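*Asks:* could you work out the structure for the sequence below:
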Amino acid sequence: MSEAAVERPVAEEGRQSQRPVRFPVLRAHIWRTPLRFALPLFAAAVAAHLGLRTMPWRHEWFWATYEYDFVTVLLGPLLSCAAAIEGYRLRRTHAAIGTSTRVLRATAGRFLAPVFWALLAGACGLLAVWILVRLAGTPGLPDPSSWESVIPATAQLLAYAAAGFGLAYALPHVVVIPFSGIVTFGLTLFLYTSNLPESLIVVGGASGSTATLRPHGPTVAAQTCAYAAFAVAIVTTVAAYEGWPKRSRVYVAAAAAVAAVAAAIPLFYVGQPLEPFHPRLTCMGTAPRLCALPGYARFLATTRTDIMRFAAPLHELGVDLPAVFSQDPGAGDAPLDAHTLTATRAADRLLGIDVLLRNRLLSGAKSCRFTMSAYTDMTTLDNWLLYRVDASLLPSLTADTDAVRRLSPADVRAALDRLRRECA
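*Replies:* A predicted model of the protein is given here:
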């Protein structure tokens, strides 16, 4: 082997070792910050969010993702405390870092170090959610709406971190560290319960199916810009007080504050975080035809069989089954909800179908005047339908089983007519 052949690998190795390291300041802060040991705490917050809540969302990619985005309510205040530690440490080492010519990079590195570990825990939790959705038999991969919903949630975590970072830097006391978490959590609860626009705080969380909903593009953009602008304003202001000339500090702080406020103004005008749309559905059968998202396709046959059990008693009332049951009902269609589709017990599924059909018969039961007579007639209709479908359900519905057994179709039709008059 020639000397050139031996020296070539050595030369290549030398050139590789001389390659500049990208983001050296940020990487140094990430791997050296003591807050890397806070990763188990961040992971615990994510695990609590997943483990302490039910998982009906496993059959919809967007519902699963949007519900998971609500983790910011737990992870955000915890990240605020972690960032406050870095803000406190930065203020205490003011003299050392104040001489740096790259003070903005150093400040940003301090700020982003705990954010990295929180986002790592959050990303692992999101991956776990998507694995659960796939294991539930939901076809495909996360849709664009799912990815889009993650953007404002991530930006909101930056805002949480900036709040703690800036507060601890301005008030460098150990007490401020837990106080920042308490303040941000309290502010979050206030915004969720107030009459202010939802776009100010809501980036996730859905107790029901989001089959016909998707992120509202302008709201996503406004939230992302507002949260990011707030974080940039805090970091820039802190950097200005760390090492920039004294005369420019006030101007930088004022400009940053104006920019952050200007970025937040659109949040009051962009509307709701989600908007309605018509998704692609998987359908089966005719008369009735059932349509649902692809993740519910394997439940359609069983649900349709149970719906057909209501055909005979409805016919006795002079009513036909709706021609279409759909998660995206059009004119004349009956709605089909996710909880009824995925009910594991036949009794729960029949109860869900009964509610769907009753609401359909009343053309919108939510408009009914809730009087005692209306309640009695509604109970009569529900109990009789379920009794005719499955008599074994009757003891769990009412103590007066004999009265239900004695009801004739004429009695139930009279009750239905009275309800329709009240719900007109």
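*Asks:* next, count neighbours for Phe62.
*Replies:* Neighbour count for Phe62, taken as other C-beta atoms under 10 Å: 26. The C-beta positions use only the backbone N, C-alpha and C, and glycine is treated the same way.
*Asks:* make 23 the first number, not 1, from now on.
*Replies:* In the new numbering, first residue 23, that becomes Phe84.
*Asks:* what's near enough to touch it?
*Replies:* Contacts for Phe84 (C-beta atoms under 8 Å, 6 or more residues apart in numbering) come out as 165, 167-168, 171, 232, 235-236.
*Asks:* mind redoing it with 7 Å?
*Replies:* Listed by C-beta atoms under 7 Å, 6 or more residues apart in numbering, the contact set of Phe84 reads 165, 167-168, 171, 232, 236.
*Asks:* could you do Leu372 as well?
*Replies:* If you count contacts by C-beta under 7 Å, 6+ apart, then Leu372 has 328, 408, 411-412, 415 around it.
*Asks:* so which one among those has the lowest pLDDT?
*Replies:* Within these, pLDDT reaches its minimum at Leu415, with 81.
*Asks:* quick check: that one touching Ala368?
*Replies:* No. Contact between Leu415 and Ala368 fails when scored by C-beta atoms under 7 Å: they sit 9.4 Å apart.
*Asks:* which stretches of the stretch 323-446 of the chain form helices?
*Replies:* 333-338, 360-363, 368-383, 394-411, 416-419, 423-428, 431-444 (DSSP state H, counting those that start in this stretch).
*Asks:* let me fix that: the stretch 173-322 of the chain
*Replies:* Ranges of helices in the stretch 173-322 of the chain, per DSSP H, counting those that start in this stretch, are 198-215, 239-265, 268-286, 322-330.
*Asks:* go through the second one and flag the buried ones.
*Replies:* In this case it means helix 239-265. Across helix 239-265, burial judged by 16 or more other C-beta atoms under 10 Å covers 241-242, 244-265.
*Asks:* give me the pLDDT value at Arg236.
*Replies:* 95.
*Asks:* can you report how many residues lie near it?
*Replies:* 19.
*Asks:* elements contacting the longest helix along the chain?
*Replies:* Selection of the longest helix in the chain by residue count, based on DSSP state H, yields helix 125-157. Here helix 125-157 touches helix 46-54, helix 61-73, helix 83-90, helix 94-114, helix 166-192, helix 239-265, going by 3 or more C-beta pairs under 7 Å, 6 or more residues apart in numbering; DSSP states H and E.
*Asks:* chain center to that helix, what's the gap?
*Replies:* With C-alpha atoms, centre = their mean, to the nearest Å as the basis, helix 125-157 stands 17 Å off its chain's centre.
*Asks:* residues of it that come out buried?
*Replies:* For helix 125-157, a neighbour-count test (16+ other C-beta under 10 Å) marks 125-141, 143-144, 147-148, 151-152, 154-156 as buried.
*Asks:* tell me the most buried of the helices of the stretch 323-446 of the chain?
*Replies:* Sort these by mean neighbour count, taking mean count of other C-beta atoms under 10 Å, and helix 360-363 sits at the top with a mean of 20.
*Asks:* where does pLDDT dip in this structure?
*Replies:* 23-45, 47, 116-123, 353, 385-392, 421, 446 (pLDDT under 70).
*Asks:* would you check how far apart Ala248 and Leu134 are?
*Replies:* According to C-beta to C-beta, to the nearest Å, Ala248 and Leu134 sit 19 Å apart.
*Asks:* repeat for Ala183
*Replies:* From Ala183 to Leu134 the distance is 8 Å (C-beta to C-beta).
*Asks:* likewise for Tyr182?
*Replies:* In this view, Tyr182 and Leu134 are 13 Å apart by C-beta to C-beta.
*Asks:* repeat that for Ile173.
*Replies:* 17 Å.
*Asks:* ok, Gly98 next?
*Replies:* 16 Å.
*Asks:* kindly report the same for Val197.
*Replies:* Separation of Val197 from Leu134 (C-beta to C-beta): 25 Å.
*Asks:* next: Leu416.
*Replies:* Distance from Leu416 to Leu134, by C-beta to C-beta: 62 Å.
*Asks:* then Val196?
*Replies:* 23 Å.
*Asks:* equivalent analysis for Phe64, please.
*Replies:* Counting by C-beta to C-beta - Phe64 and Leu134 are separated by 15 Å.
*Asks:* same check, this time on Ile107
*Replies:* 14 Å.
*Asks:* same thing with Leu61?
*Replies:* 15 Å.
*Asks:* could you do Pro99 as well?
*Replies:* 18 Å.
*Asks:* and what of Pro56?
*Replies:* Distance from Pro56 to Leu134, by C-beta to C-beta: 15 Å.
*Asks:* now Thr176
*Replies:* For Thr176, the distance to Leu134 - C-beta to C-beta - is 12 Å.
*Asks:* please apply the same query to Phe299.
*Replies:* Per C-beta to C-beta, Phe299 is found 35 Å from Leu134.
*Asks:* my guess is Ala60 contacts Ala106. True?
*Replies:* No. At 11.8 Å, Ala60 does not count as touching Ala106 under the criterion of C-beta under 7 Å.
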